[in-house]
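In: below: sequence and its predicted model.
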Amino acid sequence: MVKKAKFVWKLLILGDTAVGKTSLLNQYVSHSFKEDYKATLGVNIIIKNVEMEEIDGIVRLILWDIAGQDRYEKSRKAYYEGCSGVFFVYDITRYSSFENIEIKWLEDLRGYLRKEDCPYILVGNKSDLEKQRGVFKENGARLAEKINAIDFI
């Protein structure tokens, strides 16, 4: 018998184009990595059920992989509604993607939602490219504290 989800959480994955949002989700959901890059068009929605012993039940994660291209900026507002949490993702090799978390993505989110409605986590992605790192972990930790992220990965 399939267990019914006790909770359903809508989680947004936000960040500049090509920071690895889709790859991050593919790794989490299907433990796979695709070498060929294909930009997300609009939004890609992935559903994952997670068994949680603490609640003796299932949490259904609805993961919204939001396109980072500017041409989708006007449609993003509709995607933000009803979110339970946000992952702000930047590419550790591209400083501009790091800067845009605060000046673009956080501002965009705050324009539509109040912070207490939707907690967020800051994620430095592409850790396999350590030799090309342009954003140090200390910078990420400072930004996470500055923007009141609940965690930094």
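Out: Received it, and whenever you're ready, just let me know what you need.
In: what comes up buried for the helix or strand bottoming out on mean pLDDT in the chain?
Out: When the helices and strands of the chain are scored by mean pLDDT, DSSP states H and E, helix 76-80 comes last with a mean of 79. Within helix 76-80, the residues that qualify as buried are R76, Y79, Y80, counting by 16 or more other C-beta atoms under 10 Å. C-beta here means a position set from N, CA and C on the backbone, and glycine is covered the same way.
In: and the helix or strand hosting V29, what does it pack onto?
Out: Using DSSP states H and E, the element containing V29 is helix 21-30. With contacts taken as 3 or more C-beta pairs under 8 Å, 6 or more residues apart in numbering; DSSP states H and E, helix 21-30 sits against strand 5-14, strand 43-52, strand 57-66, strand 85-91, strand 120-125.
In: got the angle between it and strand 57-66?
Out: Between helix 21-30 and strand 57-66, the angle comes out at 160 degrees (axes from the mean of the first three to the mean of the last three C-alpha atoms, to 10 degrees).
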